[in-house]
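> 3D, please:
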Amino acid sequence: MKKSMTAGYVVLSALLSLLTLFSATVNAERIKDISSISGVRTNQLIGYGLVVGLDGTGDKAPFTNQTFRNMMSEFGITIPAGEDPKLKNVAAVSVTAELPPFSKPGQKVDITVSSIGNAKSLRGGSLLFTPLKGADGNVYAVGQGNLVVGGFGADGNDGSSITVNVPSVGRIPNGATVERTVPTNFARGDSLIFNLDRPDFTTAKAMVDQINGTMGPGTAEALDATSVRVSAPRDTSQRVSYLSLIENMEVVTGKERAKVIINSRTGTIVMGQNVMIEPVAVTHGNLVVTITEDFQVAQPNALAGGDT
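Residues are numbered from 1 along each chain as shown. From the prediction side, this is the model:
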């Protein structure tokens, strides 16, 4: 009786180990983590402005003087043509930001400020009112505020200097205010298209099967290895609830192709899990690497202290 129970425990343990191994190899991911909805995207914004209040680390570019003169004229101050304002504390900068989808007027976004001229550092500076435009030339946000600069530099009297990180680039958290909404096609049509982040026919088919199995046959269809069209209600509130259900469905993704990446500069070799190595011999100088396969297994008895 004890022997049969022991054998049963052994079989049960083996089955549990196989189930654990099988579950570890299944890559189930949510649809929202492996795809995006066509038309629902971020938009790049860019602007040109001035950073003031620097501690003598501004630039000497001619366009900085021109920009400063234009700005002062907006306040009713005219600088004579031959007068040099000697802008040591001012730097011309480019301002960039990413406008998230469905951003509404009044919301805040982060901005990155980068020196255009030869300014040594933007540390301690403040960005003046800067319009941020999209690819269509319209202003979608305005930026202003105090910069947070991670880098710094120091100079010695003997001519030595040290620089940590990049002091000519800074960020302003929540430094831009959205002024215009970017139109999207989210509420148009009777369907939406999901684009996979990594094109794969197996993943696209699995996604279609999962959606059709849950929402009903014919709800989704694969257009190619990247795009899956999904029928959706026209009502906006219903569409939001509908997509909330779909994007949280879990899909078993296809495995990556067998791939080997070699960095010849560092000598690093990275192999994917599907790469199989057959018997081979590699020689390089005095180094010899041999890979063989042996089908004869040495199995010690129950009381032996050796390993398989």
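> shaky segments in the stretch 151-300 of the chain?
Under the criterion pLDDT under 70, the flagged ranges of the stretch 151-300 of the chain are 152-164.
> quick one: the helices in it?
Shown for the stretch 151-300 of the chain, the helices assigned by DSSP state H, counting those that start in this stretch span residues 201-215, 236-247.
> and those, which is most packed in?
Highest mean neighbour count of these: helix 201-215, a mean of 17 (counted as mean count of other CB atoms under 10 Å). Quick note: C-beta positions are derived from backbone N, CA and C, even for glycine.
> got the angle for that helix vs helix 236-247?
Between the axis of helix 201-215 and that of helix 236-247 there is an angle of 120 degrees, by axes from the mean of the first three to the mean of the last three CA atoms, to 10 degrees.
> tell me what helix 201-215 is packed against?
When contacts are defined as 3 or more CB pairs under 8 Å, 6 or more residues apart in numbering; DSSP states H and E, helix 201-215 packs onto helix 31-34, strand 191-196, strand 220-222, strand 227-231, helix 236-247, strand 250-252.
> to residue 43, which of the ones you listed lies closest?
Proximity to residue 43, assessed across the helices and strands packed on helix 201-215 by CB to CB, is greatest for strand 191-196 (16.6 Å).
> buried residues in that closest one?
Along strand 191-196, these residues count as buried under the neighbour rule (16 or more other CB atoms under 10 Å): 192-196.
> residue 237: which of these is nearest?
Once CB to CB is applied, the member of the buried residues of strand 191-196 that ends up nearest residue 237 is residue 192, at 15.1 Å.
> report the contact partners of the nearest residue to that closest one once chain neighbours are set aside.
Nearest non-adjacent residue to residue 192, counting by CB to CB, 6 or more residues apart in numbering: residue 232, 4.9 Å away. Residues in contact with residue 232, defined by CB atoms under 8 Å, 6 or more residues apart in numbering, are 189-192, 239, 242-243.
> ok, so of the residues you listed, who is nearest residue 151?
When these are compared for distance to residue 151 (CB to CB), residue 243 comes out closest, at 41.9 Å.
> where's that closest one relative to residue 192, distance?
Residue 243 sits 7 Å away from residue 192 when distances are taken as CB to CB, to the nearest Å.
> try residue 275
Using CB to CB, we find residue 275 at a distance of 37 Å from residue 192.
> please apply the same query to residue 208.
14 Å.
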